[in-house]
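*Asks:* sharing a model that was predicted from the sequence below.
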Amino acid sequence: MITCFGKARLSGKLRKRDSSSSSPPRNWTSRDDDNTEEEGGKIIFFGGKNHLFDLDDLLSSSAQVLGKGAFGTTYKVTMEDMSTVVVKRLKEVVAGRREFEQQMEMIGMIRHENVAKLKAYYYSKDDKLAVYSYYTQGSLSQMLHGNRGTYDRVPLSWDARLRIATGAARGLAKIHEGNNGRLIHGNIKSSNIFLDSQRYGCIGDIGLTTIMRSLPRRTCLTSGYHAPEITDTRRSTHSSDVYSFGVVLLELLTGKSPASPGVTDAEHGGENMDLASWIRNVVAKDWTGEVFDMEMLSESSVEDEMVEMLQIGLACVGVKQQERPHIAQVVKLIQDIRSTE
Ligand SMILES: Nc1ncnc2c1ncn2[C@@H]1O[C@H](COP(=O)(O)OP(=O)(O)OP(=O)(O)O)[C@@H](O)[C@H]1O
């Protein structure tokens with residue numbers, strides 16, 4: 001769906017607000033020029049004054065809805081100069097202005113090639129926006145599951161998957177270092193992992209879970225990514241992030257979607273199983289080779305590497321939190337898969 005970001009979809013909310021409104025967004029404010037006390041909405045841009053676009057550009061640009069996720073609607077916005085950003089219009093933000101701004105400031109400081117950059121944010125009574133870099137090659141989810149079974153499908157090689165896992169693990173490790181080692185992602189999944197210019201994985205959507213209402217219980221139960229211990233509390237931790245990351249590793253290896261892996265337990269009346277339980281079952285029966293994505297069938301020479309990755313994934317999805325590895329260990333283990341060749 002293509003729309004004009006300011007005039008159509010967000011009409012009356014951002015651009016058309018009249019002067020009597022309590023929160024008129026006026027201009028982008030750069031991080032190092034942040035002395036304009038605005039009545040309401042205030043847009044903060046990270047990275048100095050060399051902005052590629054300003055608010056007017058953003059609002060008058062064509063916007064395409066990329067999807068509606070748990071936290072709101074995501075738009076791809078292409079400026080007149082053809083630069084592209086992703087704008088997330090957040091719903092159900094529970095954080096007040098101060099907390100929202102503090103969180104965004106902290107996220108905006110994170111600079112790492114495997115973490116999607118927060119470029120700007122905006123807070124007003126009616127609208128909260130987060131602006132991120134746009135990743136042209138789509139998400140890992142699209143790469144793994146898009147066009148399966150059709151001629152349009154571009155297979156994903158083991159090398160490509162290994163790079164994605166390596167980058168994403170490094171990105172998550174960087175995130176966990178944030179806020180003096182207290183930062184949590186809270187929504188690690190393949191649709192939030194992208195490819196950087198070197199085709200390493202890169203983690204997107206950082207900083208959102210702490211400012212939003214917690215994910216619905218049903219989402220935690222059915223997404224396939226959430227650790228069992230957070231179903232009730234819905235409070236993510238470093239170790240629940242590691243669990244989710246482990247599910248991503250299993251997804252990379254099997255090509256199966258965690259939300260609907262389509263696997264059943266023959267010994268228990270053909271019951272549907274989640275991805276982690278199914279893999280544990282298969283591995284216990286010594287049929288390890290059978291879990292790997294058929295798309296990698298011709299790559300049997302690297303099956304040992306896949307088995308190593310499988311062990312790492314299984315360690316991450318350990319049912320007991322205290323037995324899961326720290327993300328820094330996961331990074332090392334994944335890097336060692338190739339270096340020990
Ligand atoms: N920075 C980005 N670059 C490219 N595509 C993106 C970017 N951010 C999100 N997307 C894509 O936009 C779509 C919608 O994303 P959104 O985050 O709203 O939902 P989701 O990832 O499906 O679920 P959730 O809200 O739980 O993260 C997804 O296909 C996602 O991969």
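*Replies:* The structure has been received and is ready for your questions.
*Asks:* any idea of the mean pLDDT for stretch 218-233?
*Replies:* Mean pLDDT, stretch 218-233: 84.
*Asks:* could you do stretch 82-91 as well?
*Replies:* For stretch 82-91, the mean confidence score works out to 87.
*Asks:* what does stretch 147-167 give?
*Replies:* 93.
*Asks:* ok, now stretch 246-260?
*Replies:* 94.
*Asks:* so it, near the ligand or not?
*Replies:* No: Stretch 246-260 does not reach the ligand (C-beta under 6 Å from any ligand atom); its nearest approach is 10.5 Å. Backbone N, C-alpha and C define where each C-beta goes, glycine included.
*Asks:* run the chain-centre distance for that stretch.
*Replies:* 15 Å (C-alpha atoms, centre = their mean, to the nearest Å).
*Asks:* ok, residues contacting it?
*Replies:* 140-141, 144-145, 148, 161, 164-165, 168, 188-190, 193, 222-225, 261-263, 274-276, 279, 291-295, 306, 309-310, 312-317, 324 (C-beta atoms under 8 Å, 6 or more residues apart in numbering).
*Asks:* alpha carbons only: can I get that stretch in CSV?
*Replies:* Provided in CSV are the C-alpha atoms of stretch 246-260 (Å, rounded to 0.1, in the frame of the first residue of the first chain):
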residue,chain,number,x,y,z
GLY,A,246,18.3,-19.9,20.1
VAL,A,247,14.9,-20.3,18.3
VAL,A,248,16.2,-18.1,15.5
LEU,A,249,19.2,-20.4,15.2
LEU,A,250,16.9,-23.5,15.0
GLU,A,251,14.8,-21.6,12.4
LEU,A,252,17.9,-20.9,10.3
LEU,A,253,18.9,-24.6,10.5
THR,A,254,15.5,-26.1,9.7
GLY,A,255,13.9,-23.5,7.5
LYS,A,256,10.8,-24.0,9.6
SER,A,257,8.8,-21.1,11.0
PRO,A,258,8.6,-21.2,14.9
ALA,A,259,5.0,-20.0,14.9
SER,A,260,3.9,-22.9,12.8
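*Asks:* so where is this structure shaky, pLDDT-wise?
*Replies:* Within the chain, the segments meeting pLDDT under 70 span 1-43, 48-59, 265-270, 340-341.
*Asks:* tell me which parts of it are close to the ligand?
*Replies:* 66-67, 69-71, 74, 86, 116, 132-135, 139, 187, 191-192, 194, 204-205.
*Asks:* make it 5 Å
*Replies:* 66-67, 69-71, 74, 86, 132, 134-135, 139, 191, 204 (C-beta under 5 Å from any ligand atom).
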